[in-house]
Structures are given as C-alpha cells and as structure tokens.
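Undergrad: Give the three-dimensional model of this entry:
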Amino acid sequence: MDKMKKAAILFLLSLFIGYAAVLSSEEVIDRIVAVVNEEVITLTDLRIAEAFGVYDEELKTGEGNTRSHILEKLIDQKLVIQLSGEEISVADEELEETLRRMTEELGKSEVDRRLAEFGLAWDDLKECVQEKILYQTIIAQKFSKVNPVSVKEIEDYYQRIYVPAQKEKGAEPKPMMEILAEIESSIKQEKIKNQVEDWITNLKEKSDIQIMIKDIMASA
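TA: Here you go, the predicted model:
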C-alpha cells in the first residue's frame with residue numbers, strides 16, 4: 001500500500017471515529033491524532049499526558065497551545081524509540097518510583113479521580129510514563145558525552161548571558177571564577193540540547209509523520 005492510500009485510509013478512519021465521538025455531552029470517544037511511521041498517537045495519549053502533568057517540566061517555558069506541545073513531545077518520543085537502534089528497557093523499579101512520586105504529588109484520590117474522569121485505566125498512565133522514561137534513557141545514553149568546554153566559551157557565556165541576566169534581576173554578578181562549574185554545566189546542557197534537537201530533526205526528515213486532525217488540539 002503506497003503512502004497516499006495509507007494516509008487516505010487513516011484520515012477516513014479518523015473522521016469516522018470523530019463522527020461517532022460524542023455519545024453524550026459528557027463523553028468523548030478516542031480518536032487518532034497523529035501517525036508516526038504507522039504508529040498511532042491517540043487523543044487518549046494526549047489527555048493522559050495533559051491531565052497528569054507528564055510534560056509539565058519540559059513545557060514550563062512553552063507558549064501557545066499546551067496540547068500541541070505535548071503532541072510534539074509524543075512524536076519526538078516515538079521517533080527516538082523507533083529509530084534509535086538502541087535495545088533498552090525500563091527497569092520496573094524506576095517506573096514504579098516515577099509513578100509513586102506522581103501519585104504522591106497529586107494524591108492517590110486525585111489520581112483515581114482523574115483516571116475515572118477520563119475513563120482511563122492505571123495501565124494507560126503506566127504506559128505513558130514508561131515511554132517517557134525510555135525516551136529519556138536513550139537520550140541520556142546517546143548524548144552523555146559532549147566535547148570539553150573551552151575557556152573562551154566560559155568567558156563568552158559569562159559576559160553574554162550570565163552578567164546581563166543578573167543585572168536584569170537587579171543582582172550583582174559574581175566573579176567568573178566563583179561560578180565556573182555552574183557556567184560549564186549550563187554550556188554542556190545547552191550543547192546536549194542542541195545535539196538532541198539536530199538529531200531528532202534528522203529523524204523527522206527520514207520519517208512519515210501525519211497530523212490527522214489538527215483542530216483536535218483544542219478539543220476537550
């Protein structure tokens with residue numbers, strides 16, 4: 001089946017699901033939102049991540065539609081997991097600890113309430129969190145090493161970023177020698193971020209990604 005036929009079938013399927021979406025004013029049926037190399041992302045995937053704040057940390061500085069940013073994260077995750085070539089699994093202990101922290105933060109009764117509100121099972125949440133941990137593990141292993149930070153880079157960061165930021169806050173900039181480790185860490189994190197973004201951009205160029213229903217981003 002060629003890509004045009006596949007896209008047409010998936011689009012018609014998504015429209016059919018959407019047509020049957022509302023059985024009552026309170027109930028929304030799942031539907032296809034995007035397809036990444038034939039792997040589906042559904043409205044349920046988005047709703048779980050949104051309701052439980054799975055990507056709150058990553059989206060702190062984001063602007064615009066939160067759900068659209070979550071979709072971008074889900075697409076990135078699926079691409080990395082599909083195409084990384086890494087044979088990695090998530091340890092049960094790590095998964096359970098992440099879920100424990102999430103439950104502790106929200107409260108067990110609130111977690112149960114949200115699951116019931118969205119008609120979701122505990123395994124739906126577990127699967128979402130597991131995929132995020134797997135993505136983070138692959139990224140950490142692939143980009144754990146970066147080139148050493150030069151003195152020139154540290155000086156440039158200090159003058160161009162650190163000093164103006166401190167002055168904007170009305171604070172006195174510390175001498176560069178006192179914050180060398182902090183500056184070096186910031187530069188390394190920025191380098192890793194850029195490397196990850198470039199790698200994912202390259203993965204996207206090699207992939208078949210289809211956003212099935214764009215206006216679903218505003219749906220309940």
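
Undergrad: can you tell me how far F52 sits from M176?
TA: When distance is defined by C-beta to C-beta, to the nearest Å, F52 is 41 Å away from M176. All C-beta atoms are positioned from the backbone trio N, CA, C, and that covers glycine.

Undergrad: Comparing the two, which residue is more hemmed in?
TA: More crowded of F52 and M176, by other C-beta atoms under 10 Å: F52, with 24 against 15.

Undergrad: could you point out which element follows the longest helix seen in the chain?
TA: The residue-count maximum for a helix in the chain (DSSP state H) belongs to helix 180-205. Per DSSP states H and E, the first helix or strand lying C-terminal to helix 180-205 is strand 209-211.

Undergrad: okay, now K145: neighbour count?
TA: Neighbours of K145 (other C-beta under 10 Å): 8.

Undergrad: what do you get for H69?
TA: Counted with other C-beta under 10 Å, residues neighbouring H69 total 17.

Undergrad: Now for the residue most central in space within the chain: which residues touch it?
TA: For the chain, K73 is the residue whose C-alpha lies nearest the centre (C-alpha atoms, centre = their mean; 3.0 Å). Shown in contact with K73 (C-beta atoms under 8 Å, 6 or more residues apart in numbering): A49, Y55, E58.

Undergrad: of those, the lowest pLDDT goes to which?
TA: Ranked by pLDDT, those bottom out at E58, which scores 77.

Undergrad: which stretches of this structure have low pLDDT?
TA: Within the chain, the segments meeting pLDDT under 70 span 1-29, 61-65, 86, 213-220.

Undergrad: all strands for it, in order.
TA: For the chain, the strands defined by DSSP state E cover 22-24, 27-28, 32-36, 39-42, 209-211.

Undergrad: Cool, thanks, talk later.
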